[in-house]
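Mind folding the following:
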Amino acid sequence: MSNPYAESEARAVVSTWDDIWLVAGLRTPFADYMQELAEVSPTDMGIYAAKALFAKSGIPAADVDCVIGGNMAQASFDAYFLPRHIGLYSGVDPNVPALLVQRLCGTGFETIITAADHIKLGKARLVLAVGTESMTRNPVAAYTHRAGFKMGQVEFKDFLWEATKDTAPGASMGDTAENLAKRYGITREEVDRFAAQSFARAVAAQAAGYFDDEIVPVTNASFELPGYNTRSLKLPRKVEAFSRDGHAKPTSYETLAKLRPAFGGVQTGGNSSAIVDGAGAVLVASGDYVRAHGLKPLARLVGGAAAGVPPEIMGIGPAPTIRALLARQGMTLDQVGRVEINEAFGAQYLACEKELGLARERANVHGGAIAIGHPLGASGVRLTTTVARELREAGLQFGISSACCGGGQGVAILVENV
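Residues are numbered from 1 along each chain as shown. The predicted structure is shown next:
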């Protein structure tokens, strides 16, 4: 059978690394839309996650050689400074530079890939990579009123809604999932049953305390920087602390089956990724740094890749990207013990599963974005930290984290439990 994505795989951009390590990772809990983190800017969420990571890992912020930030929506008026402020207020030396990267839903992955590439090129030994996103604070915006308003032509729109429409094919992200459902013969029942499983796995993982080691509870905090203005993170009144992913709740197939289609087909609000706010941070280091400081990393970073696919089926992106990444390593999927594919939409995940021939028992074993949520710039940091921890838990060697990206891309990272 011919491979419809052969050209995508051939043109993939692939990085390989020999002695680069995912040292530690930590994230905030992901808060449901308009809930605990609704008032918090993505910069302050990123600072909180980074400071907690330094405190937990014991690695000094002063050792960081570079800061890589990832964020999609400009959700505060000082968004231009996001990666720089995360570095400064988390304790990184002011003389250390900072960079913002963006690959849509793959942005969090790109922070890690860029960090590893920096180390491979000899630019750094230790990199702080942070992905952060406030979906709630996406603005209501206008782009054409700088010179004033014409009668009857005032045009403010909801950025959160409008930004999910790809104007090239004239399709929303939900429409692209529906296109995959038709192409792969995926039914509404399949999608709802998969979503119910995602919720069940996430709830079981919460009950077992699985996420406790990767989540830092959030409380009110002030971030001081001598000689500069103090920043802060403030929770809503009467909320003293926030410690669990807010969207992961017991949700039955029967409940999901009652929901109305959101895009005229199999996708609903219940079997699509949850809209949430949150941040995650990781430390990426060279082998020399790891050995010099006697560190026990989470995993070795083996390689990363990005590939392009047609925009109207953007959700299939993980399939050719994973294949291209494994091919560069001379590996096949059956050598990978755990796979995390971001659940942007239920049909999108299922299309990737079918295209790859991926066994469900190896994938998203602690639930996915349908239950936990998808804060765009942070998801890749969560998924890569999660898959590294899953390898340790199960005593397996290789794992992959991956996601589709709006506009027609996939991104993936291969890690090894050593």
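
Which parts of the stretch 201-350 of the chain are strands?
Defined through DSSP state E, counting those that start in this stretch, the strands belonging to the stretch 201-350 of the chain, from first to last, are 218-219, 221-223, 231-233, 241-242, 276-286, 299-308, 338-341.

Output the contacting helices and strands for the helix or strand where Cys352 lies.
Cys352 is part of helix 346-356, with elements assigned from DSSP states H and E. When contacts are defined as 3 or more C-beta pairs under 8 Å, 6 or more residues apart in numbering; DSSP states H and E, helix 346-356 packs onto helix 173-184, helix 188-207, helix 318-329, strand 338-341. Quick note: C-beta positions are derived from backbone N, CA and C, even for glycine.

got a list of contacts for it?
Taking contacts as C-beta atoms under 8 Å, 6 or more residues apart in numbering, the residues outside helix 346-356 that touch it are 5, 176-178, 180-181, 183-184, 186, 190-192, 194-195, 198, 265-267, 271-272, 313, 315-316, 318-319, 322-323, 333, 341-343, 358, 360, 363-364, 368, 370, 404.

Now it - C-alpha only, PDB.
Once side chains and other backbone atoms are set aside, the C-alpha atoms of helix 346-356 remain, and they are given as PDB (Å, rounded to 0.1, in the frame of the first residue of the first chain):
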ATOM      1  CA  GLY A 346     -10.900  12.700  19.600                       C
ATOM      2  CA  ALA A 347     -11.200  11.900  15.800                       C
ATOM      3  CA  GLN A 348      -7.700  13.500  15.300                       C
ATOM      4  CA  TYR A 349      -6.100  11.200  17.800                       C
ATOM      5  CA  LEU A 350      -8.000   8.100  16.400                       C
ATOM      6  CA  ALA A 351      -6.900   8.900  12.900                       C
ATOM      7  CA  CYS A 352      -3.200   9.000  14.000                       C
ATOM      8  CA  GLU A 353      -3.700   5.800  15.900                       C
ATOM      9  CA  LYS A 354      -5.100   4.100  12.900                       C
ATOM     10  CA  GLU A 355      -2.500   5.500  10.500                       C
ATOM     11  CA  LEU A 356       0.300   4.400  12.800                       C
END
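
begin at 108 from here
All right, first residue 108 from here; so that's helix 453-463.

Can you give the distance of the helix or strand following it from its chain's centre?
Moving toward the C-terminus from helix 453-463, the first helix or strand encountered (DSSP H and E) is helix 476-479. Helix 476-479 has its average C-alpha position 12 Å from the chain's average C-alpha position, going by C-alpha atoms, centre = their mean, to the nearest Å.

what does helix 476-479 rub up against?
Applying C-beta under 8 Å, 6+ apart, the contact partners of helix 476-479 are 137, 301-302, 305-306, 308-310, 352, 354-355, 358, 377-381, 383, 449-451, 453, 486, 489.

Now the buried members of those.
137, 301-302, 305-306, 308-310, 352, 354-355, 358, 377-381, 383, 449-451, 453, 486, 489 (16 or more other C-beta atoms under 10 Å).

Neighbours of the nearest residue to Gly515 once chain neighbours are set aside, how many?
Beyond its immediate neighbours in the sequence, the residue positioned closest to Gly515 (C-beta to C-beta, 6 or more residues apart in numbering) is Pro418, lying 3.8 Å away. Here the number of neighbours of Pro418 (other C-beta atoms under 10 Å) works out to 17.

which ones are touching Pro418?
Listed by C-beta under 8 Å, 6+ apart, the contact partners of Pro418 are 273, 275-276, 278, 283, 514-515.

same thing but at 6 Å, please
The neighbours of Pro418, taking C-beta atoms under 6 Å, 6 or more residues apart in numbering as the test, are 273, 275-276, 514-515.
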